[in-house]
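K.L.:
Using only what follows, build the 3D model:
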Amino acid sequence: MECPEQVLVNTLKQTSEDTRMILLQSLSRRTILPSSVVNVASAWLNDCASKSLCIAILNLLGHHDNGLPNTILQGIAARLEDENRYVRQAAINALQGRADLTEGMLQGIAARLEHEDRHVRQAAIKALQGRADLTEGMLQGIAARLEDEDWHVRQAAINALQRRADLTEGMLQGIAARLEHKNRDVRQAAIKALQGRAALWLDALSPYIKPFYKALLQESFQEHIYWCASDHDFIVVNLRHIPLIGNQRNGKEAVVKLLLRKGATIVAMNGGRRPPLHLAAEN
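P.N.:
As a prediction, this is how the structure comes out:
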């Protein structure tokens with residue numbers, strides 16, 4: 001039997017801080033929360049002195065799937081500027097996946113992409129991932145994290161950029177440019193981000209065909225990758241086709257010329273068995 005709503009509210013108001021946190025943690029596991037409980041808990045965000053209590057409130061609100069009033073969302077967003085990094089991270093997590101965030105709130109999350117703490121940077125990327133309302137500047141901010149010093153953040157950036165249909169040619173070229181980065185981990189992050197796309201523009205890739213090929217070649221020792229150059233260019237990564245599209249004739253010619261120079265097999269679309277990229281290339 002669940003505790004009556006008014007009893008919960010009264011208990012939250014009258015109990016000690018330690019007991020209050022235990023109750024909030026227990027309530028955060030519920031799929032549905034009474035609006036009166038949400039209102040009482042969110043009101044404490046404005047002048048919450050205890051960081052532990054503040055985090056418990058944010059976690060509670062983050063698990064509340066129903067729409068939150070704008071005033072509560074503003075209170076959560078205000079905690080993005082909290083001096084405590086764990087509070088900031090909890091605020092980002094509480095805002096993640098909400099469709100009713102204002103551009104100002106999204107900008108507040110995006111500002112955390114350059115935070116000194118890697119957990120906050122990672123949480124910011126995850127909060128922005130999959131949203132259709134990101135500005136080009138926000139996407140550029142995520143792409144910049146491909147060069148992050150921490151591999152958790154780089155992986156989060158890869159996941160956030162993969163398969164997005166709204167990346168401009170300039171953004172794709174910016175990712176491809178990192179194939180020439182001095183750091184191996186950054187190069188690997190870039191190729192993973194490119195491999196995860198539904199299609200690749202030759203126009204964006206053409207200045208980086210050589211490092212792109214080299215990166216794919218290195219990946220082919222770990223994954224099944226081959227490159228088909230015929231009437232239509234495409235790459236196959238673990239049986240998934242990634243078309244190379246675009247109208248730039250020079251880009252296509254550069255692809256074919258490079259593959260021929262490396263000794264790769266050029267096959268027709270209806271050709272037979274194609275070897276992995278590292279077997280099709282010369283030593």
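
K.L.:
Determine the set of other helices and strands touching the strand or helix carrying Gln218.
P.N.:
Gln218 is part of helix 209-219, with elements assigned from DSSP states H and E. Applying 3 or more Cβ pairs under 8 Å, 6 or more residues apart in numbering; DSSP states H and E, we find helix 209-219 packed against helix 184-195, strand 225-228, helix 249-261, helix 277-280. C-beta here means a position set from N, CA and C on the backbone, and glycine is covered the same way.

K.L.:
Show me which parts of that helix are buried, residue by residue.
P.N.:
By 16 or more other Cβ atoms under 10 Å, the buried positions in helix 209-219 come out as 209, 211-219.

K.L.:
right, and out of the residues you listed, which lies closest to Gln162?
P.N.:
Distance ranking of these against Gln162, using Cβ to Cβ, places Glu219 first at 14.6 Å.

K.L.:
Could you find the closest non-adjacent residue to Ala198?
P.N.:
Distance criterion Cβ to Cβ, 6 or more residues apart in numbering; nearest residue to Ala198, sequence neighbours excluded, is Arg163 at 5.7 Å.

K.L.:
The one you found reaches Leu194, doesn't it?
P.N.:
No: assessed by Cβ atoms under 8 Å, Arg163 is found out of contact with Leu194, at 11.2 Å.

K.L.:
tell me the phi and psi of Gly130?
P.N.:
When quoted as degrees, to the nearest 10, the phi and psi of Gly130 stand at phi 80, psi 0.

K.L.:
And for Pro243?
P.N.:
Dihedral angles for Pro243 - degrees, to the nearest 10 - are phi -70, psi 150.

K.L.:
who touches the residue nearest to Ala198 in this structure?
P.N.:
The contact partners of Arg163, taken as Cβ atoms under 8 Å, 6 or more residues apart in numbering, are 196-198.

K.L.:
got it, and Lys182?
P.N.:
Contact analysis of Lys182 by Cβ under 8 Å, 6+ apart lists nothing.

K.L.:
Doesn't it lie inside a helix?
P.N.:
No: judged by DSSP: H, G, I helix; E, B strand; the rest coil, Lys182 forms no part of a helix; its state is coil.

K.L.:
shaky segments in this protein?
P.N.:
Along the chain, segments meeting pLDDT under 70 span 1-4, 8, 11, 30-31, 65-66, 226-234, 236-239, 246-283.

K.L.:
State the distance from the spatially most central residue of it to Gln96.
P.N.:
The C-alpha lying nearest the average C-alpha coordinate of the chain belongs to Ala160 (Cα atoms, centre = their mean; 2.3 Å). From Ala160 across to Gln96, the span is 12 Å (Cβ to Cβ, to the nearest Å).

K.L.:
residues shared between the contacts of the two?
P.N.:
Here Ala160 and Gln96 have Lys126 as joint contacts, going by Cβ under 8 Å, 6+ apart.

K.L.:
Next one: Gly62 relative to Ser28, how far apart?
P.N.:
Counting by Cβ to Cβ, the gap from Gly62 to Ser28 is 8 Å.

K.L.:
coming back round to it: with respect to Ala124, which of the contacts of Arg163 is nearest?
P.N.:
Using Cβ to Cβ, Gly196 comes nearest to Ala124 of these, at 19.9 Å.

K.L.:
so that closest one makes contact with Gln162?
P.N.:
Yes: counting by Cβ under 8 Å, Gly196 sits close enough to Gln162 to count as a contact (3.0 Å).

K.L.:
what about the residue nearest to the centre of the chain, helix or strand, and which?
P.N.:
Going by DSSP H and E, Ala160 is part of helix 151-161.

K.L.:
cool, Ile242 as well?
P.N.:
strand 240-245.

K.L.:
what's the nearest residue to Leu172 if we skip its chain neighbours?
P.N.:
Ala204 is the one closest to Leu172 (Cβ to Cβ, 6+ apart), at 4.0 Å.

K.L.:
again with Ala91
P.N.:
Arg79 (3.8 Å).

K.L.:
would the one you found count as being in a strand?
P.N.:
No: per three-state DSSP, Arg79 lies outside any strand segment and is helix.

K.L.:
and it, how many neighbours?
P.N.:
For Arg79, the tally of surrounding residues (other Cβ atoms under 10 Å) stands at 24.

K.L.:
so who does it touch?
P.N.:
Counting by Cβ under 8 Å, 6+ apart, Arg79 makes contact with 45, 54, 58, 87-88, 90-91.
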